[in-house]
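Chemist: predicted model follows, preceded by the sequence.
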Amino acid sequence: MNLDYSAVKYKTAEEEKARLEKAVEEYGAKMRETAKKLKKSMGEKEAEILEGHIAMLSDSLMLARINENVESGCVAEAAVDTVCTELYDLFFGLDDETMRCRASDFKDIKDNLLAVLLGVEKADIAFVPKGSVLIAKEFTPSIISRINKDNVSAIVAEAGERTSHSAILARAAGIPAVFSATCATQLIKNGDLLLVDGFRGRVLTNPRKTEIAEYSKKQRAYTDEKEELKAFIKKPAVTKSGVKKEVFGNIGNAADVKSVIQSGGEGIGLFRTEFLFTGRISEPGEEEQFEAYSTVAKSMDGKEVIIRTFDIGGDKRIDYLKTEKEDNPLLGMRAIRYCLKNTGFFKTQLRALLRAAYFGNIKIMLPLISSLDEIRNTKALINECSAELDSEGVPYRMAPLGIMIETPSAALISDLLAREVDFFSIGTNDLTGYTMAVDRGNAAVSSLYDTLNPAVLRAVEMTIKNAKSAGITVGMCGEAAADERLIPRLVEWGLDVFSVAPSSILKTKRSICKCE
């Protein structure tokens, strides 16, 4: 598809804005129609991904940024390209996998809007031959939505990740998919027989008969397991000895709540608030944050919602916050450290959280705690916020306060920290990285990143035991909470809450039910 706009001439800002407005309306209409079809074929949750694209483009701040570029002399195409590319680069550079995978949404918006502006028709992939495997450099959500799942057996992409919206849509359609398949478009030839393993991220070209037989068996086992897991949607997670555990879901925005509920999640164990702050030109105000937090709380209808305060900085930069570039950002000014250095910014979020807690079962969770003072200083700010809300006559509730245990120092003094808070949540992703002194994104040392290493397991066990001794609830919201190898140990040590990705909720329940 040719999206070259170099020949487009700039006329006036008013004319370019008019072209842009018309294109946005046309794009929105097309996406609404596609979302409507998607809702019928896949479900409401999947349709919301495309509806989210409409909402993102309708965001006044995003459009304002595009219009600023138009006023500075850019044609509409260049303005869209510039802003969407900036947002793509911002999200793609984030350390958090869930947020990073949203980068493709901005590429999707850019490609579709440029196509409308340039009057370029997209190729229709709905009519590929039955049994086809589609190979491309990247599959955006809107491309996935146009695939005829009766004709497409699998997709393989050179870019993308398993938690991206494209991957979510592929799974919802029941289409095996492999992302980050380097040089796939060059190495795979038209007419090759392919075996695509979406679980292990493998693509076998012209497989042997023994491999075909092996994967046919795996396919039957997968279908049987899907049916078995359905029984756990409404079933509580109770061990064989009758001990009840809670299985919660991790979410990145309000739209993800439905997937937690539909998967049988009993609460929200980690609500990442960073989505409110990224992809924009100024920070969200108290009202916008309050609406987001209270919406999730109301949606969960009294079930627990643990909201993590702002966890960004250092490696995850936001231009309007003017965070300084650091030589070692993972050990620098991030998360709770940034918030306590910028108390006005932090109090805006805390006020919004206290107000939202009036409308649901919200708990506040602080990330990257490494000392007692960080908790006590935050408590002082919360008291300031409550006094202000009292004087203003604004309804609120003092939400329970908890912390993430994700630094070795927090694990080592977890007995002292437990006296200061209402709950712990162990973040095994960072805890593993900091304990093993390993950057898991560095291929040269990533093999050393191992949550099952005795050093990490001792830190986890110590934290759980100290929480139980202090009489506070302890959960886990890292990827290890869904690890079938680790779950029996966590149950034995007394972990109360397992908070996992929505797609892992049912398997986690099943694993707990198998424990003694």
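Modeler: Right, received. Where do you want to start? Residues are numbered from 1 along each chain as shown.
Chemist: C-alpha only now, for contacts and for neighbours.
Modeler: OK.
Chemist: what sits opposite the nearest residue to Cys477 once chain neighbours are set aside in the beta ladder?
Modeler: Excluding its sequence neighbours, the residue lying closest to Cys477 (Cα to Cα, 6 or more residues apart in numbering) is Ser499, at 4.6 Å. Beta-bridge pairing for Ser499 (DSSP bridges): Phe248.
Chemist: tell me which helix or strand comes right after the one helix or strand in the chain whose mean pLDDT sits lowest.
Modeler: In the chain, no helix or strand scores lower on mean pLDDT, DSSP states H and E than helix 97-100, which sits at a mean of 64. Downstream of helix 97-100, the next assigned helix or strand under DSSP states H and E is helix 103-118.
Chemist: which other helices and strands does that next one contact?
Modeler: On a contact count with 3 or more Cα pairs under 8 Å, 6 or more residues apart in numbering; DSSP states H and E, helix 103-118 meets helix 13-41, helix 44-58, helix 76-92, helix 141-145.
Chemist: Ser166 is nearest to which of the ones you listed?
Modeler: Smallest distance to Ser166 across these (Cα to Cα): 4.6 Å, for helix 141-145.
Chemist: which outside residues touch that closest one?
Modeler: Residues external to helix 141-145 that are found in contact with it (Cα atoms under 8 Å, 6 or more residues apart in numbering): Thr34, Leu38, Ile49, Leu50, Ser104, Asp105, Asp108, His165, Ser166, Leu169, Ala170.
Chemist: check contacts around the last one.
Modeler: Listed by Cα under 8 Å, 6+ apart, the contact set of Ala170 reads Ile144, Pro176, Ala177.
Chemist: which of those residues sits closest to Ser6?
Modeler: Once Cα to Cα is applied, the member of the contacts of Ala170 that ends up nearest Ser6 is Ile144, at 28.6 Å.
Chemist: give me the three-state assignment for Gly402.
Modeler: Of the three states, Gly402 takes strand according to DSSP: H, G, I helix; E, B strand; the rest coil.
Chemist: now do the same contact list for it.
Modeler: Neighbouring residues of Gly402 by Cα under 8 Å, 6+ apart: Lys363, Ile364, Met365, Leu366, Val421, Asp422, Phe423, Phe424, Ser425.
Chemist: I'd guessed the third one sits against Ile306; true?
Modeler: Yes. With contact defined as Cα atoms under 8 Å, Met365 and Ile306 form a contacting pair (6.5 Å).
Chemist: ok, now how distant is Ile426 from Met404?
Modeler: Here the criterion is Cα to Cα, to the nearest Å. By it, Ile426 lies 6 Å from Met404.
Chemist: re the thing from before, quick check: the farthest pair among the contacts of helix 141-145?
Modeler: So, the contacts of helix 141-145 by Cα to Cα: farthest apart are Leu38 and Ser104, at 18.7 Å.
Chemist: compare neighbour counts for the two and give me the winner.
Modeler: Ser104 (25 against 22; other Cα atoms under 10 Å).
Chemist: check what pLDDT the more buried one gets.
Modeler: On the pLDDT scale, Ser104 is placed at 78.
Chemist: is it in contact with Tyr88, as I believe?
Modeler: Yes. Contact criterion Cα under 8 Å: Ser104 and Tyr88 qualify, at 6.9 Å.
Chemist: identify the residues contacting Thr182.
Modeler: Going by Cα under 8 Å, 6+ apart, Thr182 touches Glu158, Ala159.
Chemist: do Phe139 as well
Modeler: By Cα under 8 Å, 6+ apart, the residues touching Phe139 are Ala157, Ala159, Gly160, Ser166.
Chemist: that one looks like it's in a strand, true?
Modeler: No. Counting by three-state DSSP, Phe139 falls outside a strand, being coil.
Chemist: ok, and what's touching the helix or strand encompassing Leu340?
Modeler: Here Leu340, judged by DSSP H and E, is contained in helix 335-341. Outside of helix 335-341, the residues within contact range by Cα under 8 Å, 6+ apart are 309-313, 345-346, 366-369, 374, 377-378.
Chemist: distance to Glu388 and neighbour count added to those residues, as JSON lines?
Modeler: Shown next, in JSON lines, are these (distance: Cα to Cα, whole Å; neighbours: other Cα atoms under 10 Å):
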{"residue": "Thr309", "distance to Glu388": "20", "neighbour count": "22"}
{"residue": "Phe310", "distance to Glu388": "21", "neighbour count": "24"}
{"residue": "Asp311", "distance to Glu388": "25", "neighbour count": "19"}
{"residue": "Ile312", "distance to Glu388": "26", "neighbour count": "25"}
{"residue": "Gly313", "distance to Glu388": "28", "neighbour count": "25"}
{"residue": "Phe345", "distance to Glu388": "15", "neighbour count": "18"}
{"residue": "Phe346", "distance to Glu388": "14", "neighbour count": "19"}
{"residue": "Leu366", "distance to Glu388": "21", "neighbour count": "22"}
{"residue": "Pro367", "distance to Glu388": "25", "neighbour count": "22"}
{"residue": "Leu368", "distance to Glu388": "27", "neighbour count": "20"}
{"residue": "Ile369", "distance to Glu388": "26", "neighbour count": "22"}
{"residue": "Glu374", "distance to Glu388": "21", "neighbour count": "15"}
{"residue": "Asn377", "distance to Glu388": "17", "neighbour count": "12"}
{"residue": "Thr378", "distance to Glu388": "15", "neighbour count": "20"}
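Chemist: returning to what we had before: pull out the buried positions in the helix holding Leu340.
Modeler: Across helix 335-341, burial judged by 16 or more other Cα atoms under 10 Å covers Ala335, Ile336, Arg337, Tyr338, Cys339, Leu340.
Chemist: after that helix, which helix or strand is next?
Modeler: Next along the chain after helix 335-341, taking DSSP H and E as the criterion, comes helix 343-357.
Chemist: tell me what that following helix is packed against?
Modeler: Applying 3+ Cα pairs under 8 Å, 6+ apart, one finds that helix 343-357 contacts helix 286-299, helix 335-341, strand 362-366, helix 372-392.
Chemist: now do it against helix 286-299, angle only.
Modeler: Note on geometry: by axes from the mean of the first three to the mean of the last three Cα atoms, to 10 degrees, helix 343-357 and helix 286-299 are set 30 degrees apart in direction.
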